[in-house]
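Asks: how would this look folded up:
(2 chains)
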Amino acid sequence: MQTAESQSVNAACWSCGSAAPAGKAWCDACGKVQAPSEGVDYFTVFGLPRKLRIDLPALERNFYRMSRKLHPDLYAQASPEERQWSLDQTSLLNDAYRTLKDPIARTEYLLRLEGIQIEAGRSEEGKPKDSRVPPDLLEEVFELNMQLEEMRMNRKMGEDDPQLRADLEKARTQFEGQLAAVDSSLESLWTRWDTTIDNDTCEPETDKIKDEIVALLDRRRYIRNLVRDVNEALET
Amino acid sequence: MAYSDKVIDHYNHPRNVGQLDKSSTEVGTGLVGAPECGDVMRLQIRVNPDTQVIEEAKFKTFGCGSAIASSSLATEWVKGKTVDQAMGIKNTDIVKELSLPPVKIHCSVLAEDAIRAAIGDWKKKNGVEEQAGSAVPVAAAD
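Replies: The predicted structure is shown next:
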């Protein structure tokens, strides 16, 4: 039995016995669908390194190519196991594609793979961690929310005041500008992250980049909410 | 996901919404946030300097119903307590009272953080030692 790196232990195809790299959806030798490997990650599904910049058109092409190959309709006459595996592989492929094609979902997913917990979820007994939101960001977000609320209230009470609408439009432009700024900072962090993968950079540096990405995603969620709220206010 | 009746009640009739004078030495302000969902919560307390009893509490929260209910409940609970007693309020108590589902537990954590932050701010303003052990904080004497 041959082994590659720690994570990708080669397995043998259940049908023809040839070595199939872990994570492959089908055997290259005989073309038979394989059972999904335990704990295979979305990057591996597409045979990609854990990088944040992704060639989206290529990802899409691969997705369609693999979907056609794994589609459950093709396995209507196959054994029950193969039918099940084609279902499992297709659903894994769909999840992987949906996550990787979205820049934010992809970034959050990579951080999770790297052991960083982003979602809410301190356990009930979990001790309060230090707030990781910088106080000045909280102040800023709180103030913006206050302004937005005032505009909304005024608008609800009175007639459609053109001045208020103009204020809200201005706020929207401002928030959208901030969101765009965050996204462009995020893109440069992607590049830095990918460079560390290429160069096999040591841990302190990669940890630093991960922390910066986490902070930026935190900021992004606040601003995204503001954009959403201002849009709602303008629609009603 | 359905909100419990208590959450809905606090959401529709939030207690103690508003603000206190941030610059007053009797007032402690806690501003905390949950980056996971983009919530921000401000909780303020006014402490009687002689008795250390929290006589007034106000909050303003931008977030979901559970976050608003948690902070509304927190202001109700801290009122009438000494700062030391208020430090004893746990997010798990809020979870129980409001029957928060697991996905909303972070809202209660946020409320607990807000209480602690407000008390911390008040202590800092009044030169009270931030120490877990000291039951009766010694007033800063000149």
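Asks: quick one: average pLDDT of the longest helix anywhere in chain A?
Replies: Criterion DSSP state H: the longest helix present in chain A is helix A:162-199. Helix A:162-199 carries an average pLDDT of 90.
Asks: Now do the buried residues in it.
Replies: Neighbour counts over helix A:162-199 (16 or more other C-beta atoms under 10 Å in any protein chain shown) mark A:164, A:167-168, A:171-172, A:175, A:178-179, A:182, A:185-186, A:189-190, A:192-194, A:196 as buried. For the C-beta atoms, the positions are set from N, CA and C on the backbone; glycine is no exception.
Asks: which stretches of chain A have low pLDDT?
Replies: A:1-10, A:21, A:118-132, A:159-160, A:236 (pLDDT under 70).
Asks: Same question for chain B.
Replies: Within chain B, the stretches with pLDDT under 70 are B:1, B:130-142.
Asks: wait, what's in contact with the most centrally placed residue in it?
Replies: Centroid-nearest residue in chain B: B:Ile115, 3.0 Å away (criterion: C-alpha atoms, centre = their mean). For B:Ile115, the contact set (C-beta atoms under 8 Å, 6 or more residues apart in numbering or on different chains) comprises B:30, B:43, B:74, B:78, B:86-87, B:89.
Asks: Would you confirm that A:Val227 contacts A:Arg172?
Replies: Yes: applying C-beta atoms under 8 Å, one finds A:Val227 in contact with A:Arg172, separated by 7.0 Å.
Asks: rewinding a little: so which elements touch the longest helix of chain A?
Replies: helix A:103-113, helix A:135-157, helix A:203-235 (3 or more C-beta pairs under 8 Å, 6 or more residues apart in numbering or on different chains; DSSP states H and E).
Asks: In a markdown table, list those along with mean neighbour count and distance to B:Thr61.
Replies: Formatted as a markdown table, the helices and strands packed on helix A:162-199 follow (neighbours: other C-beta atoms under 10 Å in any protein chain shown; distance: least, C-beta to C-beta, whole Å):
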| stretch | mean neighbour count | distance to B:Thr61 |
| --- | --- | --- |
| helix A:103-113 | 17 | 25 |
| helix A:135-157 | 16 | 9 |
| helix A:203-235 | 17 | 13 |
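Asks: To chain B, which of the ones you listed lies closest?
Replies: helix A:203-235 (3.4 Å; C-beta to the nearest C-beta).
Asks: Helix A:135-157 and the closest one, what's the angle between them?
Replies: Note on geometry: by axes from the mean of the first three to the mean of the last three C-alpha atoms, to 10 degrees, helix A:203-235 and helix A:135-157 are set 10 degrees apart in direction.
Asks: does any part of helix A:203-235 sit near chain B?
Replies: Yes: using C-beta under 8 Å from any C-beta of the partner chain, helix A:203-235 reaches chain B at A:217-219, A:221-222, A:224-225.
Asks: what's the offset of that helix from the middle of its chain?
Replies: Relative to its parent chain, helix A:203-235 has a centroid offset of 13 Å by C-alpha atoms, centre = their mean, to the nearest Å.
Asks: what angle do it and helix A:103-113 make?
Replies: Orientation check (the same axes, to 10 degrees): helix A:203-235 against helix A:103-113 gives 140 degrees.
Asks: Excluding chain neighbours, what is closest to residue 27?
Replies: I went with chain A, as the question did not name one. Closest residue in space to A:Cys27, ignoring its immediate chain neighbours: A:Cys13 at 3.9 Å, by C-beta to C-beta, 6 or more residues apart in numbering or on different chains.
Asks: wrong one, I was asking about chain B
Replies: Once flanking residues are discounted, B:Val27 sits nearest to B:Leu20: 4.7 Å by C-beta to C-beta, 6+ apart.
Asks: Quick check: that neighbour touching B:Arg42?
Replies: No: the criterion here is C-beta under 8 Å, and B:Leu20 misses it with B:Arg42 at 10.0 Å.
Asks: Residue numbers of chain B in contact with chain A?
Replies: So chain B meets chain A at B:31-38, B:40, B:42, B:60, B:62, B:91-92, B:95, B:103, B:105-106, B:109, B:112-113, B:116-117 (C-beta under 8 Å from any C-beta).
Asks: and the residue nearest to B:Val27, which of the three is it?
Replies: Secondary structure for B:Leu20, judged by DSSP: H, G, I helix; E, B strand; the rest coil, is coil.
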